[in-house]
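> based on what follows, work out the 3D shape:
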Amino acid sequence: MRSTFKILFFLKRDKQKANGAVPLFCRITVDGQEARFGMKCDVNPKYWDVKTGRATGRTAEAAKANTLVDNTQAALYKVYREMQERDNYVTAEKIKNAFLGFEQKQQTLLELFDSHNEERKHQIGVTLQKTTYRTYKTARQRIADFLLYKYNISDIPVKEINRQFIGEFEIYLLTQYSYSKNYIISLMKKFRHIIEVAMTKEWIYKNPFKEHKLQWQKVDRGYLTQSEIESLINCQFDDERLEKSRDVFIFCAFTGMSYADVKHLKGENIQTSIDGNLWIRGKRQKTDIDYNIPLLNVPKTILEKYNGKLSDKLALPVIKLERYNSALKEIAQKCGIEKKMTSHLARHTFATLTLTKGVSIESVSKMLGHTKISTTQIYARVTDNKIGNEMNIFAGSVRQLDYILQTVKEINIDDALKSFKIPTSDTIWKSLSVKIWCKMANYERQAFVSEAESFENKPKTTREFYVGLFDFFLNTLNFQKENVDATDAELLNTVNF
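The predicted model follows:
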């Protein structure tokens, strides 16, 4: 961005010396902002031309002053042009400092990375996860490797980072390492954060990442099926380490809690709600977002197993992450589970199964402590079981259409009674049945007969026929309402998967 740049040489007349000479000063103006400095040269004011900014006369003193003015002006213009090309942001103070040799040492990328990482190191366990810190360290090391690989240098000024550098570094990660696409995006985002830190410190004034898009790649997150969870629960372990790790994993699979959150879970996080039910309440370590999770019977049993047996009032025996993931690998082999079991798989399992069984995505998002619904939508997969369950509900809602298509002959009540071998001597119950029979469509009569024939206790008298017919008639009238109620009840109960 271009700026207005002016240089003015003047005498500071309020500093006149005993011999009558006055100090010569230079004033730099950039976009209306000024900076000035002394030239270490004195000039007799009688020989100074204010309009030209030069000394007059042919004396040695005048020649010396004018040479100094010309050289200073040329040097200042050079500094201005270089600063425009390099920084794209110029101030009068920066030009003055650069000319006088006071310009700040150029900040380098790896130095900034190191100072940033050192600060973050002290935040581990407080506002930062150890895995996040490790990603910052890896990003720093990969950039150092890239600088040697591409430019054969050990560091680079932050001001020299541009879009080309960023693009080449990303290609380097893609081609030189067997990282997943999403892990590369994670490293690039850490790099971008360092650039944003440089902008905050005003070391640069334009973000080279502005036009560089970093997009996560959608992945099919694994999860355990209900039968696999059952095999974990039923499996017996001789190794106490494996048993504890299994219990923690099952607890997370029924609560959706992450490793970091369950590691810090204490008895005070288990609270009784207004309706008398137990809930797990707390804040996520990663995002500081509240989570509220109903405590189901399975995780409740696990909590009771370790109640009062652990130090620091912790609720569960959670071991270090590396050992925990190693134990889960052994558990998977012992239980015949071919999927890669990790700490996060339990959280994925909870999210997938609750959504599959009809729990609303809003409720699941709240329990997981997500900041955005879009994060939860990653788990909203469509499974065969979900399709089957939903199609069964649909089939029930259109079952009357089946009878309409299948019914050809009009069915009367005498034929129905005859099919059940019911004597028609009881005229009172038959007359009551006829009244209901006449209010029903032929396909409804056919549906009643078909269902009654499948009952273990078929109607044997006209009274039993009437009672069954009356119940069916009422059920038919309220079918849509009953179907909605049944569906709602299923959604409420399926949390206990």
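> C-alpha from now on. contacts and neighbour counts both.
Will do.
> let me see the mean pLDDT of the longest helix seen in the chain.
Using DSSP state H, we find that the single longest helix of the chain is helix 60-87. Along helix 60-87, the predicted confidence averages to a pLDDT of 89.
> that one packs against which elements?
Under the contact criterion of 3 or more C-alpha pairs under 8 Å, 6 or more residues apart in numbering; DSSP states H and E, helix 60-87 touches strand 33-43, strand 54-55, helix 92-100.
> please, which helix or strand holds residue 287?
Taking DSSP states H and E as the definition, one finds residue 287 inside no helix or strand.
> give me the phi and psi for it.
Its backbone dihedrals place residue 287 at phi -120, psi -10, with angles given as degrees, to the nearest 10.
> against residue 370, how distant is it?
Residue 287 sits 8 Å away from residue 370 when distances are taken as C-alpha to C-alpha, to the nearest Å.
> ok, these two, which is more surrounded?
Ranked by neighbour count (other C-alpha atoms under 10 Å), residue 287 and residue 370 place residue 370 first, with 18 against 12.
> how much space between that one and residue 258?
In this view, residue 370 and residue 258 are 12 Å apart by C-alpha to C-alpha.
> next, the contact list for residue 297, please.
Taking C-alpha atoms under 8 Å, 6 or more residues apart in numbering as the definition of contact, residue 297 has no neighbours.
> now do residue 466 against residue 453, distance only.
The gap separating residue 466 from residue 453 is 15 Å, by C-alpha to C-alpha.
> what does residue 370 give?
Spatial separation of residue 370 from residue 453 under the definition C-alpha to C-alpha is 52 Å.
> where does the prediction get shaky in the stretch 51-200 of the chain?
Residues of the stretch 51-200 of the chain meeting the criterion pLDDT under 70: 87-88, 103-106.
> same thing but at 90, please
Flagging of the stretch 51-200 of the chain using pLDDT under 90 yields the residue ranges 57-61, 81-91, 93-95, 97-108, 120-132, 151-153, 155, 157-160, 178-182.
> which parts of it are helices?
Using DSSP state H, counting those that start in this stretch, the helices of the stretch 51-200 of the chain run over residues 60-87, 92-100, 109-121, 130-146, 163-176, 181-200.
> out of the ones you listed, which comes closest to residue 312?
Minimum separation from residue 312 across the helices of the stretch 51-200 of the chain (C-alpha to C-alpha) falls at helix 130-146, 20.9 Å.
> which strands and helices lie in contact with that closest one?
Going by 3+ C-alpha pairs under 8 Å, 6+ apart, helix 130-146 lies up against helix 109-121, helix 163-176, helix 181-200.
> list the buried residues for that helix?
Within helix 130-146, the residues that qualify as buried by neighbour count (16 or more other C-alpha atoms under 10 Å) are 133, 135-137, 139-140, 143-146.
> between it and helix 181-200, how big is the angle?
The directions of helix 130-146 and helix 181-200 differ by 80 degrees, with axes from the mean of the first three to the mean of the last three C-alpha atoms, to 10 degrees as the criterion.
> can I get the CA coordinates of helix 130-146 in CSV?
In CSV, the C-alpha atoms belonging to helix 130-146 read as follows (Å, rounded to 0.1, in the frame of the first residue of the first chain):
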residue,chain,number,x,y,z
LYS,A,130,-0.6,-32.2,26.0
THR,A,131,-1.5,-33.6,22.6
THR,A,132,-2.1,-30.0,21.3
TYR,A,133,1.3,-29.0,22.6
ARG,A,134,2.9,-31.9,20.9
THR,A,135,1.3,-30.9,17.6
TYR,A,136,2.8,-27.4,18.0
LYS,A,137,6.2,-28.9,18.5
THR,A,138,5.8,-31.2,15.5
ALA,A,139,4.7,-28.2,13.3
ARG,A,140,7.8,-26.3,14.4
GLN,A,141,10.1,-29.3,13.6
ARG,A,142,8.5,-29.9,10.2
ILE,A,143,9.0,-26.2,9.2
ALA,A,144,12.7,-26.4,10.3
ASP,A,145,13.1,-29.6,8.2
PHE,A,146,11.4,-27.8,5.2
